[in-house]
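Asks: I'd like to go over a predicted model; first the sequence, then the structure.
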Amino acid sequence: MRKGAFIFLYLAVGALITLGLVILTSASSRFDDASMGQYFFLTRQAMWLGVGIAALVVMAFVDYRKLRRFSWPLFFVICLALALCFVPGIGDEAKGENRWIVIPGVGLRFQPSEPAKLIIMVVLASWFARYQAEIRSFSRGFLVPCIILGIPLLLILLETDMGTTAGLGAAGLIVMYVAGSRLQFMLPSVAVAVAMLVVMVQQDPNRMRRITAFTNLEEHKEGAGWQQLLALEAFGNGGSEGLGLGNGLVKQKNFPEHHTDFIFPVIGEELGVFVSMGVILCFVVFLLTGMFIALSAPDLFGRLLGIGLTCSIVIPAMMNIGVTTACLPNTGLPLPFVSYGGTNLVFTMAMVGVLLSILRRSRATELSEIPVVKDKVFEVRL
């Protein structure tokens with residue numbers, strides 16, 4: 001069964017990455033800036049993919065239980081990195097959002113909210129594993145986990161990255177629920193958080209424009225509804241079989257972020273609905289495989305970490321698909337494994353590596369429990 005989990009995980013991730021590179025080849029052809037080159041985004045993505053594969057291999061062979069030793073130092077480092085997004089000269093503001101920092105002397109742009117997904121899940125899982133007997137209490141079973149989750153989420157929210165805040169917050173709440181935090185504590189806090197988000201959206205003219213446009217895309221087709229209308233047009237053009245790779249029409253209409261947040265409609269237009277459904281199927285397979293790996297973990301830390309990492313990847317994917325099909329308001333989230341973006345790709349691959357580490361340790365535990373008779377190991381094959 002564990003070998004099957006590895007195969008399914010490998011096939012799902014491999015198919016998504018391959019499709020991402022193929023469709024990015026087509027999407028990149030829209031850019032004709034001589035200073036960057038026609039396939040600038042493709043070559044950059046391939047480079048980051050190499051780094052991501054290295055991160056996956058390292059995390060897969062490192063015992064995931066060692067992450068517990070560094071959970072709190074990593075937590076403070078990532079909170080500091082998120083705070084640096086607001087420091088002039090280090091933080092890099094783009095489109096009114098403070099999501100990036102630039103490493104001085106290197107010039108490398110870095111999005112701290114991506115490693116925050118991994119680190120927050122490590123800290124949450126470590127805390128619940130340490131205080132298993134007190135999970136039902138208010139202080140250690142609810143209050144402290146809320147602080148662990150809330151501090152980085154507040155910093156990400158202040159960056160006006162509400163999509164990442166919502167996705168990561170949902171994944172964290174799932175971990176808390178599975179760990180055993182009481183619903184009588186969780187439900188009021190969720191209601192308060194939703195109310196705060198509503199107030200913040202009302203105070204942000206850009207977010208309000210997106211919400212208003214979502215309610216009537218046709219009325220706002222010259223403004224905030226432009227992206228989602230073009231996305232729907234792309235899916236309509238593609239039909240069941242697609243127009244063919246490289247033959248997309250919508251990407252020629254000044255389609256914003258068609259190589260990042262809105263790459264899914266490019267897939268729908270050029271490769272058709274069946275390939276689009278295949279992308280969704282890959283994420284469903286990833287979800288089921290990730291949950292199987294988590295439930296097969298030999299300890300509570302591994303189970304909660306596996307569930308958290310799986311949700312941290314799948315929830316943003318479903319949100320991206322919901323946005324690009326006009327089922328959700330525009331949130332600005334990339335499609336994991338597929339969209340262009342180095343930070344997202346590298347740390348998503350690192351999270352897959354941690355899942356593989358959990359799978360390897362669960363298999364090692366299983367084999368260590370097989371009885372030995374006359375120095376021979378007998379394995380029951382299902």
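Replies: Ah, there it is.
Asks: Any regions of the chain where pLDDT drops low?
Replies: 1, 29-38, 94-96, 104-107, 363-382 (pLDDT under 70).
Asks: ok, longest helix in it?
Replies: Among the segments of the chain that qualify as a helix by DSSP state H, the longest is helix 263-295.
Asks: which strands and helices sit next to that one?
Replies: helix 2-28, helix 226-238, helix 300-324, helix 342-368 (3 or more CB pairs under 8 Å, 6 or more residues apart in numbering; DSSP states H and E). C-beta: built from backbone N, CA, C; applies to glycine.
Asks: Please work out which of those is packed deepest.
Replies: Most buried of the helices and strands packed on helix 263-295, by mean neighbour count (mean count of other CB atoms under 10 Å): helix 300-324, with a mean of 24.
Asks: For that one, what is the distance to the chain centroid?
Replies: Put simply, helix 300-324 sits 6 Å off its chain's centre (CA atoms, centre = their mean, to the nearest Å).
Asks: Stretch 63-77 now?
Replies: For stretch 63-77, the distance to the chain centre is 20 Å (CA atoms, centre = their mean).
Asks: Can you tell me the SS state at V102?
Replies: strand (DSSP: H, G, I helix; E, B strand; the rest coil).
Asks: quick one: the longest helix of the chain to helix 300-324, angle?
Replies: 160 degrees (axes from the mean of the first three to the mean of the last three CA atoms, to 10 degrees).
Asks: quick one: what helix or strand has the nearest residue to F142 once chain neighbours are set aside in it?
Replies: Distance criterion CB to CB, 6 or more residues apart in numbering; nearest residue to F142, sequence neighbours excluded, is F185 at 4.2 Å. According to DSSP states H and E, F185 maps onto helix 183-203.
Asks: which other helices and strands contact that helix?
Replies: Against helix 183-203 (3+ CB pairs under 8 Å, 6+ apart) you get helix 144-158, helix 162-179, helix 205-215.
Asks: Can you give the contact residues for that helix?
Replies: 138, 141-142, 146, 157, 162, 165-166, 169, 173, 176-177, 207-208, 211 (CB atoms under 8 Å, 6 or more residues apart in numbering).
Asks: 7 Å instead?
Replies: 138, 142, 146, 162, 173, 176-177, 207-208, 211 (CB atoms under 7 Å, 6 or more residues apart in numbering).
Asks: give me every residue that touches the residue nearest the centre of the chain.
Replies: What sits nearest the mean C-alpha location of the chain, by CA atoms, centre = their mean, is I313, with 3.6 Å. Residues in contact with I313 (CB under 7 Å, 6+ apart) are 286, 336, 348, 351.
Asks: In this model V338 seems to touch the third one, though I could be wrong.
Replies: So that's T348. No. Here T348 lies out of contact with V338, judged by CB atoms under 7 Å, at a distance of 10.3 Å.
Asks: circling back to that earlier point, how near is the residue nearest to F142 to A179?
Replies: According to CB to CB, to the nearest Å, F185 and A179 sit 12 Å apart.
Asks: Give me the more crowded residue out of the two.
Replies: Legend: neighbour count by other CB atoms under 10 Å for F185 and A179, higher for A179 (23 against 17).
Asks: isn't the more buried one right up against W127?
Replies: No. Using CB under 7 Å, A179 makes no contact with W127, being 8.8 Å away.
Asks: re the thing from before, put the buried members of the contacts of helix 183-203 into a ChimeraX selection.
Replies: Buried residues within these, by 16 or more other CB atoms under 10 Å, are selected in ChimeraX with:
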select :142,146,162,173,176,207
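Asks: And the furthest pair within the contacts of helix 183-203?
Replies: Using CB to CB, those span at most 36.1 Å, a distance reached by F138 and M208.
Asks: still on that earlier bit, please identify the deepest-packed of the helices and strands packed on helix 183-203.
Replies: Burial of the helices and strands packed on helix 183-203 is given as mean neighbour count (mean count of other CB under 10 Å); helix 162-179 ranks first at a mean of 22.
Asks: angle of it against helix 263-295?
Replies: Using the same axes, to 10 degrees: helix 162-179 against helix 263-295 is 20 degrees.
Asks: Helix 162-179: how far from the chain's middle?
Replies: 11 Å.
Asks: ditto for stretch 347-363
Replies: When distances are taken as CA atoms, centre = their mean, stretch 347-363 is centred 15 Å away from the chain's centroid.
Asks: Not counting that stretch itself, show me its contacts.
Replies: Residues contacting stretch 347-363 (CB under 7 Å, 6+ apart): 2, 5-6, 9, 13, 52-53, 55-60, 62-64, 114-115, 117-118, 290, 293-294, 296-298, 302, 305-306, 309, 312-313, 336-337.
Asks: ditto for stretch 262-279
Replies: Under CB under 7 Å, 6+ apart, the answer for stretch 262-279 is 16, 19, 23, 26-27, 227, 231, 234-235, 237-248, 250-251, 255, 258, 320-321, 324, 335, 338-339.
Asks: give me that answer again for 6 Å
Replies: Contact with stretch 262-279 is made by 23, 27, 227, 231, 234-235, 237-238, 240-243, 245, 248, 250-251, 258, 324, 335, 338-339, as judged by CB atoms under 6 Å, 6 or more residues apart in numbering.
Asks: For it, buried residues please.
Replies: Judged by neighbour count using 16+ other CB under 10 Å, the buried positions of stretch 262-279 are 262-272, 275-276, 279.
Asks: Could you do stretch 39-54 as well?
Replies: For stretch 39-54, by 16+ other CB under 10 Å, it's 41-42, 44-45, 48-49, 52-53.
Asks: contacts for it?
Replies: 24-25, 28, 259, 340, 342, 345-346, 349.
Asks: how about a cut-off of 7 Å?
Replies: 17, 21, 24-25, 28, 31, 259, 340, 342, 345-346, 349.
Asks: For those residues, give me TSV that also has distance to P152.
Replies: Listed next are the contacts of stretch 39-54 as TSV, based on distance: CB to CB, whole Å:
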residue	distance to P152
I17	27
L21	31
L24	30
T25	35
S28	33
F31	34
H259	28
Y340	25
G342	21
L345	21
V346	19
M349	21
